[in-house]
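Undergrad: Please work out how this folds:
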Amino acid sequence: MSISNTLKLGVLAAVISATSFGAAARDFLNVSYDPTRELYEDVNKNFGKYWESRTGQKINFKQSHGGSGKQARAVIDGLDADVVTLALAADIDVLEAKAKLLPADWQKNLPNNSTPYTSTIVFLVRKNNPKGIKDWGDLVKPSIAIITPNPKTSGGARWNYLAAWAWAKHQAGGNDKTAQEFVRKIYKNTKVLDSGARGSTTTFAERGIGDVLLAWENEAHLALREQPGKFEIVTPSLSILAEPPVAIVEKNAAKKGNKYLAQGYLNFLYSPLGQEISARNFYRPRNAKVLTKYSQVFKPLKLVTIDQEFGGWDKVQKTHFENGGVFDQIVKANSAK
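TA: Below is the predicted model of the structure:
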């Protein structure tokens, strides 16, 4: 079924719902990760107009933002999300595994594994790139001060970590052992580990700490827009295809009578307008026409995928980020040196 037909069905169902239950403004909570504030402010404004024009129903949008892992934990602990728009699939999988808030096959609900937009990891450096940073290998030089969030709490930080690991493995003679040692050096040079991506951006851009920020592509572009003339983006030779997925928290949405609204909201992200909104907020759209329109923003680069390079999020989470995993081993090794 096409996105447009799916969206129409969602609207039709919502018309029935609004007629049955009255058209009073509905509270609707999207629990999202740290750097999507501007994106969903734009989405909510436009979707709210669209939904009211079709159904007569006003929406009282509520947003919650923070490190993706922390946000997932908050939903498990009772934060009443209708939808989650998190940084990676593992943070949504845990909602099923630990609280049965949605089906195990939630990624089949929407196209592209329920990922309406993508991103990647780039470097944000200060104007004129005074440390001459061009690629991942430059980050482990002794004089470089890195800012990146904590992979234990931040989805973006996990993408950063994995992009660095992949680059190291793709070097001559690269393997998991050399990659782990390279990533250890990355964290040895890290000066501040914030809990989320927006906190790291603030540390780098507002507080002036560090030589380079390992950043979501959209965060880097926002920094250029908000503080023109102060920063530059360096696109590395290899990065990772970051796929931040979306899902209905079905148990919550059904309890609140918001399931049709939640489906319509997520469908909207795939619509031509939703894709345009993603692109103008510096997320790479799935729609090929919209992506072509923004080709000057989104530079081509070699991207590895989580499935091909690492065997999927379930394996990655257990191997690298659970207690006692590779990241903990790296922290322990750095503490001893």
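Undergrad: Can you show me the strands along the stretch 101-250 of the chain?
TA: For the stretch 101-250 of the chain, the strands defined by DSSP state E, counting those that start in this stretch occupy 117-118, 121-126, 146-147, 190-192, 212-216, 231-234, 238-240, 246-248.
Undergrad: Okay, buried residues for stretch 64-76 please.
TA: 64-73, 75 (16 or more other Cβ atoms under 10 Å). For every residue, glycine as well, the C-beta is placed using N, CA and C.
Undergrad: what's the distance between that stretch and the middle of its chain?
TA: How far stretch 64-76 lies from its chain's middle: 12 Å, per Cα atoms, centre = their mean, to the nearest Å.
Undergrad: before we move on, what about stretch 132-142?
TA: Computed by Cα atoms, centre = their mean, the chain-centroid distance of stretch 132-142 equals 24 Å.
Undergrad: okay, how far is it across it, tip to tip?
TA: 13 Å (Cα to Cα, to the nearest Å).
Undergrad: any idea what sits nearest the residue nearest the centre of the chain, other than its immediate chain neighbours?
TA: By Cα atoms, centre = their mean, the chain has its centre lying nearest to residue 87, at 3.1 Å. Closest residue to residue 87 in three dimensions, ignoring its sequence neighbours and counting by Cβ to Cβ, 6 or more residues apart in numbering: residue 155, at 2.3 Å.
Undergrad: quick one: the one you found and residue 336, what's the gap?
TA: Residue 155 sits 28 Å away from residue 336 when distances are taken as Cβ to Cβ, to the nearest Å.
Undergrad: The two: which is more packed in?
TA: Taking other Cβ atoms under 10 Å, residue 155 and residue 336 do not tie; residue 155 has more neighbours (29 against 6).
Undergrad: In contact with that one, which residues?
TA: Contacts for residue 155 (Cβ atoms under 8 Å, 6 or more residues apart in numbering) come out as 33, 67-69, 86-88, 91, 197, 244.
Undergrad: Let me know the secondary structure of the closest residue to residue 94 other than its chain neighbours.
TA: Using Cβ to Cβ, 6+ apart and skipping the chain neighbours, the partner closest in space to residue 94 is residue 72 (5.4 Å). Look at residue 72: counting by DSSP: H, G, I helix; E, B strand; the rest coil, its state is helix.
Undergrad: Run a quick check on residue 72 versus residue 87, I expect a contact.
TA: No: contact criterion Cβ atoms under 8 Å: residue 72 and residue 87 do not qualify, at 9.4 Å.
Undergrad: just to revisit the earlier point, would you enumerate the residues in contact with the residue nearest to residue 94?
TA: So residue 72 contacts 84, 86, 91-92, 94-95 (Cβ under 8 Å, 6+ apart).
Undergrad: Can I get those in CSV including distance to residue 327, neighbour count and pLDDT?
TA: Shown next, in CSV, are those (distance: Cβ to Cβ, whole Å; neighbours: other Cβ atoms under 10 Å; pLDDT from 0 to 100):
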residue, distance to residue 327, neighbour count, pLDDT
84, 23, 28, 98
86, 19, 27, 98
91, 16, 25, 96
92, 20, 27, 98
94, 17, 18, 97
95, 22, 25, 98
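Undergrad: and these as JSON lines, adding distance to residue 188?
TA: Below are the contacts of residue 72 laid out as JSON lines (distance: Cβ to Cβ, whole Å):
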{"residue": "84", "distance to residue 188": "34"}
{"residue": "86", "distance to residue 188": "29"}
{"residue": "91", "distance to residue 188": "27"}
{"residue": "92", "distance to residue 188": "32"}
{"residue": "94", "distance to residue 188": "29"}
{"residue": "95", "distance to residue 188": "34"}
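Undergrad: Can you list which of those are found in helices?
TA: In this view, those that belong to helices under DSSP state H are 91-92, 94-95.
Undergrad: Could you export the buried residues of stretch 64-76 as JSON lines, including pLDDT?
TA: Listed next are the buried residues of stretch 64-76 as JSON lines, based on pLDDT from 0 to 100:
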{"residue": "64", "pLDDT": "98"}
{"residue": "65", "pLDDT": "97"}
{"residue": "66", "pLDDT": "94"}
{"residue": "67", "pLDDT": "91"}
{"residue": "68", "pLDDT": "94"}
{"residue": "69", "pLDDT": "93"}
{"residue": "70", "pLDDT": "94"}
{"residue": "71", "pLDDT": "97"}
{"residue": "72", "pLDDT": "97"}
{"residue": "73", "pLDDT": "97"}
{"residue": "75", "pLDDT": "98"}
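Undergrad: Please look at residue 171 and residue 165 and confirm they touch.
TA: No: the criterion here is Cβ under 8 Å, and residue 171 misses it with residue 165 at 11.3 Å.
Undergrad: Neighbour count for those two, which is higher?
TA: Taking other Cβ under 10 Å, residue 171 and residue 165 do not tie; residue 165 has more neighbours (26 against 14).
Undergrad: ok, and the closest non-adjacent residue to the more buried one?
TA: Using Cβ to Cβ, 6+ apart and skipping residues adjacent in sequence, the residue nearest residue 165 is residue 179, 4.6 Å away.
Undergrad: Can you give me the neighbour number for the one you found?
TA: 20.
Undergrad: Quick check: pLDDT value at it.
TA: On pLDDT, residue 179 comes in at 98.
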